[in-house]
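Participant: no FASTA, just this:
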């Protein structure tokens, strides 16, 4: 059920609350959702809302009109106007992601900055035939929005290297095989499928999900197992978790054979 919706004044980004999920839609379909400074500002505002509103648990990013995002609006770039913000970076997201789960719902093209936008998310749902790529080298550019950092962590390094050096895109089917895409779906159903995934996440304890996500992200590039343990210990502990209302509610619901009613208390 939709409980609230609003749109930025220029409609470049649409934001809608669906219970505990925030749906963020790039809304420039005539340009295959190429990102402008207004898009970056709209995404950053939405990410701030997601991060700071305790009623929200998951964000879903998608695009209008059958495309996810074709990258930066080059007419804006040529005029010296980059689609970035001072704090969160390119597209208002890639340098500082919110501390809540993000899902990319991809239809059509996710190229250049659009691919980097998807890579900044925790999970990717993609329609069959969707294409992901970093074509910057074809235009004398370098993918500096996180693509060269995140893509080799998401798929085999040599496949990522080939994509980055040739600029050639890969299909959602190929990238599902390599592990970048979590769920493949039929064209036109990416958002619906992503919302189903978000609902499955929202059934769980918000405190536990956020702590789990923090540990996953913090330990991904740990140089050793010992360092991974140290990072985990700094972020979450059994003592801190057992002190939360969610821990007590989870055990009570299990014992009572009922669905839990989660409350938010920080770890």
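Facilitator: Nice, thanks for sending it over. Here the structure is a predicted model, which is why all the values come from computation and not from measurement.
Participant: Check which residues of stretch 177-186 are buried.
Facilitator: Neighbour counts using 16 or more other Cβ atoms under 10 Å place 180-185 of stretch 177-186 among the buried residues. For the C-beta atoms, the positions are set from N, CA and C on the backbone; glycine is no exception.
Participant: Show me which pair in those is furthest apart.
Facilitator: Greatest spatial distance among the buried residues of stretch 177-186 (Cβ to Cβ): 180 and 185, at 14.8 Å.
Participant: Where do the strands of the stretch 151-267 of the chain begin and end?
Facilitator: For the stretch 151-267 of the chain, applying DSSP state E, counting those that start in this stretch gives strands covering 170-171, 183-185.
Participant: Residue 96 is nearest to which of those strands?
Facilitator: strand 183-185 (26.1 Å).
Participant: rewinding a little: could you dump the buried residues of stretch 177-186 into JSON lines with distance to residue 107 added?
Facilitator: Formatted as JSON lines, the buried residues of stretch 177-186 follow (distance: Cβ to Cβ, whole Å):
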{"residue": "180", "distance to residue 107": "16"}
{"residue": "181", "distance to residue 107": "12"}
{"residue": "182", "distance to residue 107": "15"}
{"residue": "183", "distance to residue 107": "13"}
{"residue": "184", "distance to residue 107": "12"}
{"residue": "185", "distance to residue 107": "9"}
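Participant: And those residues, which is closest to residue 173?
Facilitator: Nearest to residue 173 out of the buried residues of stretch 177-186 is residue 184 (Cβ to Cβ; 6.6 Å).
Participant: ok, now which ones touch residue 100?
Facilitator: Shown in contact with residue 100 (Cβ atoms under 8 Å, 6 or more residues apart in numbering): 50-51, 56-59, 210, 213.
Participant: and it, how far is that from residue 185?
Facilitator: Distance check for residue 100 against residue 185: by Cβ to Cβ, to the nearest Å, it reads 23 Å.
Participant: can you check residue 167 too?
Facilitator: To residue 185, residue 167 is 26 Å away according to Cβ to Cβ.
Participant: again with residue 63
Facilitator: Separation of residue 63 from residue 185 (Cβ to Cβ) stands at 15 Å.
Participant: So which residues of the stretch 1-150 of the chain form helices?
Facilitator: For the stretch 1-150 of the chain, the helices defined by DSSP state H, counting those that start in this stretch occupy 37-52, 74-78, 113-119, 147-154.
Participant: deepest of those helices, which one?
Facilitator: Highest mean neighbour count among those (mean count of other Cβ atoms under 10 Å): helix 113-119, with a mean of 29.
Participant: which secondary structure elements does that helix contact?
Facilitator: Helix 113-119 is packed against strand 58-63, strand 101-106, strand 131-133, helix 147-154, with contacts defined by 3 or more Cβ pairs under 8 Å, 6 or more residues apart in numbering; DSSP states H and E.
Participant: What helices and strands are in contact with the third one?
Facilitator: Under the contact criterion of 3+ Cβ pairs under 8 Å, 6+ apart, the helices and strands touching strand 131-133 comprise strand 109-111, helix 113-119, strand 170-171, helix 172-178.
Participant: returning to what we had before: any chance of the contacts of residue 100 in JSON lines, plus pLDDT and distance to residue 72?
Facilitator: Output for the contacts of residue 100, formatted as JSON lines (pLDDT from 0 to 100; distance: Cβ to Cβ, whole Å):
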{"residue": "50", "pLDDT": "97", "distance to residue 72": "23"}
{"residue": "51", "pLDDT": "95", "distance to residue 72": "24"}
{"residue": "56", "pLDDT": "96", "distance to residue 72": "28"}
{"residue": "57", "pLDDT": "96", "distance to residue 72": "30"}
{"residue": "58", "pLDDT": "98", "distance to residue 72": "26"}
{"residue": "59", "pLDDT": "98", "distance to residue 72": "21"}
{"residue": "210", "pLDDT": "92", "distance to residue 72": "31"}
{"residue": "213", "pLDDT": "94", "distance to residue 72": "28"}
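Participant: That concludes my questions; thank you for your assistance.
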